Structures are given as C-alpha cells and as structure tokens.
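Novice: Build the 3D model from these lines:
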Amino acid sequence: MQRGSRHQLSRIEFNGNHYFSTDLLKSRLTISTVSLFTKPRFSRRLMEADALSMKNQYISNGFLSARVEGQVEQANKKKGGDLIVHFNIEEGKQTLVSSLQVEGMHALTEEEIRGVLGALPGQPFSDINVSSDRDNVLALYYNQGFPDATFSYTAEPDKSQEAQAAVAKENTREEKLTGEARKFAIERAEPVKLVYKIVEGQRISVKSIFLTGYNHTRQRVIRREVKMTPGAPLREGEVVESQQKLYNLGVFNRVTIEPQNANGSDPEKDVVVLVEEAKRYTIAYGGGFEVQRLASTTDPTGGEIQAAPRGIFEISKQNVTGRADTLALKLRGSTIQGRALLAYTSPNTFNISKLSTQATHTWKKRRTSTPSARLGTKATFSSPTGSPPARPCYSGMFSAK
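Specialist: Numbers count the residues shown, from 1 in each chain. Here you go, the predicted structure:
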C-alpha cells in the first residue's frame, strides 16, 4: 500500500446558499482549514458528513428538495498541494405551514398543546419538525398520567385560493428584489395543512405506594424522596425525579419504580418502589515513601533531611443510622508525621431534605526538633437556597495544640 502525498485544506467555499449565511454554515462544519493556531482537519468522510448535515438543516427549515454536494479541488498540481472544498447548494423552494388543527384532546387544552409545538402556521414544514412535536406532545401526556397516548398526523397541500394567493404574492415580492437583497430571495412552495390527531387513552392514577427491598435504610428516608402521591396521576416526571433523588442518597445500587399489573384495565395502580442497597463498608489501604526536610528551631536556615515509609488506611461505613449518613476514618502516618481524620456526613439533618451536616474531627502530629500535635473539630450545616453555588454555611471549629 502506498500512502501517497499529504495535502492540507486551505479554503472552503459555499455556492448557492441564500437562506443561511456563509458564516453560519461554516460554523457547523467539522472540517477546518489551516490557520495560525489550528491544524487543518479534512477527509472525504468528514466532508460527506458535513454535506449531509447541511442538507438536513435545510430540510428541517422547509426546503424539502434541498441538495448539497461537496467537491474537492487541488489548488495546484504540485506534490502535496493545497486543497479547496466547494459545497454546491441547491436550496429549492421552501414549504411553510398554512394551518394547524389539533384533534382528540380532552384532558389538556389546545393552548397547553400548542405551547409545545414548533410547526405552527407560518413556520417551515418538515418531517423533522413534526417528529419533534410528536415527542413534545407525548411527553406532555405521559407527565399527566396517560402512558398509552398516541400521536399521528396528516399533511396535505393547501389548495385554497387564499393560500395560493399568499404564495404568489410572496414570490412576486421576492422577484422584485434587486442588488444585494436579490441574493437572499427565497421562493415559496405550495403550503401544507397539518392535522395532529391525538388518542389520549386511559388516565392512570396512583392508588397506593409500596416500598420494598430495604434492610438498613429507614422507611421515612425513602418515602421522603418519593414524589408520587396516592390519588394523583402517575406522572412520568415524578417517577424520574424520585429515582434521581433516591440514587443521590448514595446508598442504593438500583432503584426501580413500576406500577403493579401495568397491562391491567384498572385505572388505579399500586406503585412499587424497589431498592437495592449498596455495600455499607469500604476499605482502602496503600503505602509509599516520603522524604522531608525537618526545620530546626535553633538554626532557621538549617534542617535535617529524613526519609521514612508511609502507610495509608481508610475505612468508611454508609447508612450508619439508616438515614443515608456516612462515617469515615482516614489514617495517614509515617515516622515523620501522622494524621487522622474522622468525618460524619448526613444529607438530611433533622429529616429536612434541604439541610445537610458535616462534622470532622482531625488529629495531626509532626516530628520536628520540638514535636507538636494538633487537635481540631469542625461542624458545618448547609442549606441550599437557590443555585448550587449559593450555600450559606454555619460552622464552628475548636483546635488545641
């Protein structure tokens, strides 16, 4: 196999783009030209992927017949000469939505549904936008307790005289543009009428909640993190939030929340929260070697260099009292210095989910010409009131030598 000569990409050109600016299209490319601070990045596979990405971008904005083709040109015939990439774009006509009708909604209002839609009248039409609307509408229904909701749609050309006159008027206005504005003229295609059809299905509500699988964790700790309530709809958002909060406690390997007899016809379901507790004990150990210069109290510029082996031992216990709290002991020591740290952490102090406690007790000893030891205790209470960085803390510390 012969590798051949190596080329580098020196220029990228776009031809035929009117709707999107050259700067916008260039910002979305994965290939790049050579510059002072960056290396060129080019391959035919990346160029074809960029061409496909641009085509999908045009389609999602209503240019259903758009075509994008990438071509490579060698700037000179020398061995290892620079390359120029040309993206030839045929935008075609843009298709807009002339009207949108939503059918089949009963539990939700049309205003609520239209609030999550993108393919509204006057907006570009494409299957990509309709697929996005489908996901948004179903997510809205799933979060209201309709797990069996379905979505379908029909799109037909709008043959009404009003729609045809509007398209002709818009195309005539674009044709009259002159000079620089002519470069950005867009030709409109026949608009489409959209009809969204929704089948809500049966609404599922929570009859009761059962907790199972726990051995050491207190029941009220788990129940506090469960956001579903009996009598309310079984909302998918609350199920996901409950799982996240239970995982965040750090004491469970697995959390499953499912309704019993999910395929049954009864609209009231018993919800089972199944947890699997993680191992409570964690042990870590290790060793090493350290070299330090020990200061002298009689000679500030002098000192003694000593070397010693060093050992590390850590042990922690999770869920000490069943409140998702942790007790940890960390020991690091050598013949030169030693350190011990005893820490206790509780994420839900006094059963308040927004209040956490961390208490530490430290002991340090260092061998110098005058050996010293230090003992310290610190307790911190924190309560997040807004974003994570804003955490007012109240702490106290005692130390002794």
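Novice: where exactly do the helices run in the stretch 201-350 of the chain?
Specialist: 219-225, 236-248 (DSSP state H, counting those that start in this stretch).
Novice: Which of those helices sits closest to Ala107?
Specialist: Checking the helices of the stretch 201-350 of the chain against Ala107 by Cβ to Cβ gives helix 236-248 as the closest, at 14.7 Å. (Each C-beta comes from the backbone N, C-alpha and C, glycine too.)
Novice: Using PDB, write out the CA atom coordinates for that closest one.
Specialist: Provided in PDB are the C-alpha atoms of helix 236-248 (Å, rounded to 0.1, in the frame of the first residue of the first chain):
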ATOM      1  CA  GLU A 236     -43.600  10.200  34.400                       C
ATOM      2  CA  GLY A 237     -41.700  13.300  35.500                       C
ATOM      3  CA  GLU A 238     -42.300  12.400  39.200                       C
ATOM      4  CA  VAL A 239     -41.200   8.900  38.600                       C
ATOM      5  CA  VAL A 240     -37.900  10.000  37.100                       C
ATOM      6  CA  GLU A 241     -37.400  12.700  39.800                       C
ATOM      7  CA  SER A 242     -38.000  10.100  42.600                       C
ATOM      8  CA  GLN A 243     -35.400   7.700  41.000                       C
ATOM      9  CA  GLN A 244     -32.800  10.500  40.800                       C
ATOM     10  CA  LYS A 245     -33.300  11.600  44.400                       C
ATOM     11  CA  LEU A 246     -33.000   8.100  45.700                       C
ATOM     12  CA  TYR A 247     -29.800   7.500  43.700                       C
ATOM     13  CA  ASN A 248     -28.500  10.800  45.000                       C
END
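Novice: residues in contact with that helix?
Specialist: 139, 142-143, 147, 222, 225-228, 252, 255, 257, 273, 275 (Cβ atoms under 8 Å, 6 or more residues apart in numbering).
Novice: List the buried residues in whichever strand or helix holds Lys193.
Specialist: Assigned by DSSP states H and E, Lys193 falls within strand 192-199. For strand 192-199, a neighbour-count test (16 or more other Cβ atoms under 10 Å) marks 192-194, 196, 198 as buried.
Novice: Show me the beta-bridge partners of Glu13.
Specialist: Glu13 forms beta bridges with His86, as assigned by DSSP bridges.
Novice: what's near enough to touch it?
Specialist: Here Glu13 is in contact with 84-87 (Cβ under 8 Å, 6+ apart).
Novice: which secondary structure element contains Phe20?
Specialist: Taking DSSP H and E as the definition, one finds Phe20 inside no helix or strand.
Novice: same deal with Ala139?
Specialist: Per DSSP H and E: helix 127-142 holds Ala139.
Novice: Show me what that helix packs onto, helices and strands only.
Specialist: Counting contacts by 3 or more Cβ pairs under 8 Å, 6 or more residues apart in numbering; DSSP states H and E, helix 127-142 is packed against helix 44-60, helix 110-114, strand 150-157, strand 192-199.
Novice: So what's the residue count around the closest residue to Val226 other than its chain neighbours?
Specialist: Nearest residue to Val226 in three dimensions, chain neighbours excluded: Ser242, at 4.9 Å (Cβ to Cβ, 6 or more residues apart in numbering). Residues near Ser242, counting by other Cβ atoms under 10 Å, number 20.
Novice: Same check on Tyr281?
Specialist: Tyr281 has 8 neighbours, counted by other Cβ under 10 Å.
Novice: measure it to Ser152 for me?
Specialist: Distance, Tyr281 to Ser152, using Cβ to Cβ, to the nearest Å: 54 Å.
Novice: Mark which of the contacts of helix 236-248 are buried, thanks.
Specialist: Buried, going by 16+ other Cβ under 10 Å: 142-143, 147, 222, 225-228, 252, 255, 257, 273, 275, out of these.
Novice: Which of those residues sits closest to Gly70?
Specialist: Nearest to Gly70 among the buried ones among the contacts of helix 236-248, counting by Cβ to Cβ, is Tyr142 at 40.8 Å.
Novice: mind checking how far that closest one is from Tyr19?
Specialist: 35 Å.
Novice: Okay, domains of this structure per the record?
Specialist: Under automatic domain parsing, the residue ranges defining each domain of the chain are 9-90, 97-199, 205-277, 281-400.
Novice: which residues of the stretch 301-401 of the chain score low on pLDDT?
Specialist: Scanning the stretch 301-401 of the chain for pLDDT under 70 picks out 301-303, 350-355, 366-379, 381-401.
Novice: try 80
Specialist: Applying pLDDT under 80 to the stretch 301-401 of the chain flags residues 301-306, 335-336, 348-401.
Novice: Please apply the same query to the stretch 101-250 of the chain.
Specialist: Scanning the stretch 101-250 of the chain for pLDDT under 80 picks out 171, 173-185.
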